[in-house]
Every structure is written in structure tokens, then in C-alpha cells.
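Novice: sequence first, then the predicted structure, then my questions.
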Amino acid sequence: MLSKKIQLYALSTCPICKRTASLLEEMGQDFVKVEVDLLDSGEQWLMSKEVKKYNPENTYPTLVISEVIVGFDQARIKEILGK
């Protein structure tokens, strides 16, 4: 079975973002985490535009798997990842 590409857009100071990353790690999932607030200002602007494609409210965490999950929804994450 192919693993799903997982992208986590987060803020380094956000406790819910950290909780989402921890859940993915506990589930043994490979994922790319982008901590938007740690990017330089130009990269932040570009990444903000990217996040808005998935989440018009531009809130964090924004988790993109085969669908977009805004916030921490453990049950939905596990359902999508088949865990």
C-alpha cells in the first residue's frame, strides 16, 4: 500500500500544531512539517498564500493528506490514514 503524502502547516508556538505533529509521529507517519512563523518574511508570505488554497481562514494547524483537516481532529486523521 502506498503511503499518503502528508503536509502539516503549523506555527512553532501552537500547542494544537504540536499535538497534531505528535499524533502523526505516534502513528508512524512520514510527514513534512512547515512551521510558517520560522520562515523569513518573503517565504512566510508565499506559504500563507499556499495555506489559503487549502484553508481560506489561514488558521493553524492545516493538515493536508488526501483532504484538508483544519485544527486537531484525531478521529478523522486516523480514519484517513487507515489507523
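Specialist: Received it, and whenever you're ready, just let me know what you need.
Novice: can you pull out the helices in the protein?
Specialist: 15-26, 41-54, 74-81 (DSSP state H).
Novice: number of nearby residues for residue 63?
Specialist: 29 (other C-beta atoms under 10 Å). C-beta here means a position set from N, CA and C on the backbone, and glycine is covered the same way.
Novice: show me what contacts the nearest residue in space to it that is not next to it in sequence?
Specialist: Once flanking residues are discounted, residue 63 sits nearest to residue 69: 4.4 Å by C-beta to C-beta, 6 or more residues apart in numbering. Residue 69 is in contact with 62-63, 76-77, 80, counting by C-beta atoms under 8 Å, 6 or more residues apart in numbering.
Novice: now tabulate those in a markdown table and tack on pLDDT and distance to residue 21.
Specialist: Output for the contacts of residue 69, formatted as a markdown table (pLDDT from 0 to 100; distance: C-beta to C-beta, whole Å):
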| residue | pLDDT | distance to residue 21 |
| --- | --- | --- |
| 62 | 96 | 12 |
| 63 | 95 | 9 |
| 76 | 90 | 16 |
| 77 | 91 | 11 |
| 80 | 88 | 16 |
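Novice: adding distance to residue 42, write the residues you listed out as CSV.
Specialist: Listed next are these as CSV, based on distance: C-beta to C-beta, whole Å:
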residue, distance to residue 42
62, 20
63, 24
76, 33
77, 31
80, 32
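Novice: are any of these buried, and if so which?
Specialist: Neighbour-count burial (16 or more other C-beta atoms under 10 Å) is assigned, among those, to 62-63, 77, 80.
Novice: contacts only, for residue 18.
Specialist: Residue 18 touches residue 10, counting by C-beta under 8 Å, 6+ apart.
Novice: meant to ask about residue 57, not that
Specialist: residue 70.
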